[in-house]
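Undergrad: Got a sequence here, can you build the structure:
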Amino acid sequence: MISTIWLRLGKYLRDTQLLGSIHCTLYWDQNTVMPSGSASWRGEQLSLLAKLLHSRKSSKEFEDLISEASTELEQDTSLGLEEISERTRNLDLLRLELNRQKRLDPNLIVHLATAQTEGYALWQEAKANNDYKKFAPALKKLIELRQEQARQLDEPRSCWETLAQPFEPDLSIKRLNELFDPLRDRLPSLIDALRPRSYLKPLGWDLDEKSQHILCERLLNEWGRDQNITSLGRSPHPFSITLGPQDFRLTTRVVKGQPFSCFLATAHEWGHSLYEQGLPSQNHQWFAWPLGQPTSMAVHESQSLFWENRVARSRDFSERFWKHFANEGAPVRNGLEMWRSINPLAPGLNRVEADELSYGIHILIRTDLEIDLLEGGLDVWDLPTQWNMKYKELLGITPENDAEGCLQDVHWSEGAFGYFPSYLLGHLISAQFSEAMAVSLRDEGIKSEDPLGKCIRDCKESKLLKWLRKEVHSSGRKLNAEKLVKEVTGKPLSSHAFLNYLEKKLKMLTCTS
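TA: Below you'll find the predicted structure:
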């Protein structure tokens, strides 16, 4: 029997989460169908909601509920060990967030929400018109506000590390460098070795928007989409968001001249949504309790990258799916041609459209630059120059304008500093999860050198999802990302599995060229 105090705390959290879901709904609308002229009023709406949310998350009533629940838990002798462990973890995480919220000035919360809305609107305008000067003042303001947030939180971490905690709990720059340094060493050499055989030529064909959306809908339906609880929209930058226990939204976009972009973005965002749909669903955890929330954004990205790269970019998937592209007018005659087309082998300027090999460089560049913006004294007006220099140095290419350079991503326009490393960490995690999954599938009787590929080829991706549901999704926030990886794979997180995967795939691609 659930105690009265636990029920009261759960109701408080649920009401807070309901308010948060309203905030998310307005965010969804802002990014999909809201007219640009509504930005100012939307900023006021989101600012008010942010203020109300902060008040609830830092209130004396909330603090007392946590304290009473903790005292009761210490005295309760009727609970089993697992339930005690879960409740203890929930309360620890709630207490951590309470303490963070209590340190923040409510006025800062309001200013941040307003700056994020203004920043997003100005970023859209600046990107559309290739006008970085239009966006730079908003970026400078967001940096200053985030720096002030880090000062108020006053954690034993650097500014950037403090801001990264909501995305990647316990992450430090030192640990990040330990994980990323092998990639800094190996990726450029792999790219250089590949240059004589690189192919990133225009495909010479495209698909109309209707055909691309038909293919995306087919993909989601084959992967088990429930249309009663999901929807697919369009936005300038693809994203996935959960608005309620039975309300999962994702968006994609059509990029002219890139007929696979919309398809891969849909696969990526569906991976995010599948993770959210598979989080713990017990009443005392979902929708508002910490244990019902994602482990971290790196784990989140590992799921989206798994479905985008391990599945949708695989040779086995192309062999199965190429006829659907051909039926919509794509001039592909077999699975090999589709696989080669969907896996270009050369650096490009755009992160979202990047091949798996050069993608990591895109993230390393952004990570270095945002740390410099927050901690290293990099002036926002010098960002385009530094961006272009790093692209020339590490990828051998230079953006022709800022729209295809430092304005291409939405993250900084919303003050989301500390998020970018999650993408590359997600690649590392996805690689280790995939190796562990292969071992499990073989143990279950799938006798194949590549059991994941066999499941994909046989239209049995449900077996892959079943493994992820059991081993990854069900954990919620019981563990941080690195502990989860160690528990699932038996190995500490490293770059080895990812680099091994890359080298194997590159060998396969180049052998077919």
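Undergrad: which other residues reach stretch 234-248?
TA: Applying C-beta atoms under 8 Å, 6 or more residues apart in numbering, the contact partners of stretch 234-248 are 21, 24-25, 27-28, 31-32, 124, 127, 228-231, 249-254, 265-266, 268-270, 272-273, 276-277, 281, 286-287, 304, 352, 409-410. C-betas here are computed from N, CA, C, even on glycine.
Undergrad: Point out where the stretch 1-150 of the chain drops to low pLDDT.
TA: Scanning the stretch 1-150 of the chain with the threshold set as pLDDT under 70 gives 1-2.
Undergrad: Which residue ranges of it form helices?
TA: For the stretch 1-150 of the chain, applying DSSP state H, counting those that start in this stretch gives helices covering 4-32, 39-57, 60-75, 81-103, 106-129, 132-153.
Undergrad: Just put the ones you listed in CSV and tack on distance to residue 308 and mean neighbour count.
TA: What follows is these, written out as CSV (distance: least, C-beta to C-beta, whole Å; neighbours: other C-beta atoms under 10 Å):
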stretch, distance to residue 308, mean neighbour count
helix 4-32, 20, 17
helix 39-57, 30, 17
helix 60-75, 38, 15
helix 81-103, 29, 15
helix 106-129, 23, 19
helix 132-153, 28, 18
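Undergrad: okay, those in JSON lines with distance to residue 176 next?
TA: As requested, those are arranged in JSON lines below (distance: least, C-beta to C-beta, whole Å):
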{"stretch": "helix 4-32", "distance to residue 176": "28"}
{"stretch": "helix 39-57", "distance to residue 176": "28"}
{"stretch": "helix 60-75", "distance to residue 176": "31"}
{"stretch": "helix 81-103", "distance to residue 176": "21"}
{"stretch": "helix 106-129", "distance to residue 176": "24"}
{"stretch": "helix 132-153", "distance to residue 176": "17"}
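Undergrad: Among these, which comes closest to residue 483?
TA: helix 81-103 (11.9 Å; C-beta to C-beta).
Undergrad: Report the inter-axis angle for that closest one versus helix 39-57.
TA: Helix 81-103 and helix 39-57 are oriented at 120 degrees to each other (axes from the mean of the first three to the mean of the last three C-alpha atoms, to 10 degrees).
Undergrad: name the helices or strands packed onto helix 81-103?
TA: Where contact means 3 or more C-beta pairs under 8 Å, 6 or more residues apart in numbering; DSSP states H and E, helix 81-103 is packed against helix 39-57, helix 60-75, helix 132-153.
Undergrad: Go ahead and name everything in contact with it.
TA: 6, 13, 54, 57-58, 62-63, 66, 69-70, 73, 79, 152-154, 285, 289-291, 477-478.
Undergrad: which residue packs closest to the spatially most central residue of the chain, ignoring adjacent ones?
TA: In the chain, the centroid-proximal residue (C-alpha atoms, centre = their mean) is residue 301; its distance is 4.2 Å. Nearest in space to residue 301, with sequence neighbours left out and distances taken as C-beta to C-beta, 6 or more residues apart in numbering, is residue 426 at 2.7 Å.
Undergrad: what's near enough to touch the one you found?
TA: Going by C-beta under 8 Å, 6+ apart, residue 426 touches 297, 298, 299, 300, 301, 302, 303, 304, 305.
Undergrad: at 6 Å instead, please
TA: 298, 301, 302, 305 (C-beta atoms under 6 Å, 6 or more residues apart in numbering).
Undergrad: Now it: which helix or strand?
TA: When elements are assigned from DSSP states H and E, residue 426 belongs to helix 421-443.
Undergrad: Now that helix: buried residues?
TA: 421-438, 441 (16 or more other C-beta atoms under 10 Å).
Undergrad: on that earlier part again, Throw the helices and strands packed on helix 81-103 into TSV and include distance to residue 403, thanks.
TA: Formatted as TSV, the helices and strands packed on helix 81-103 follow (distance: least, C-beta to C-beta, whole Å):
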stretch	distance to residue 403
helix 39-57	20
helix 60-75	44
helix 132-153	8
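Undergrad: Compare those helices and give me the one nearest residue 183.
TA: helix 132-153 (26.1 Å).
Undergrad: Report the inter-axis angle for that closest one versus helix 81-103.
TA: Using the same axes, to 10 degrees: helix 132-153 against helix 81-103 is 110 degrees.
Undergrad: Pull the contacting residues for the nearest residue to residue 133 once chain neighbours are set aside.
TA: Among residues not flanking residue 133 along the chain, residue 126 sits closest, at 7.9 Å (C-beta to C-beta, 6+ apart). Applying C-beta under 6 Å, 6+ apart, we find residue 126 in contact with 134, 135, 407.
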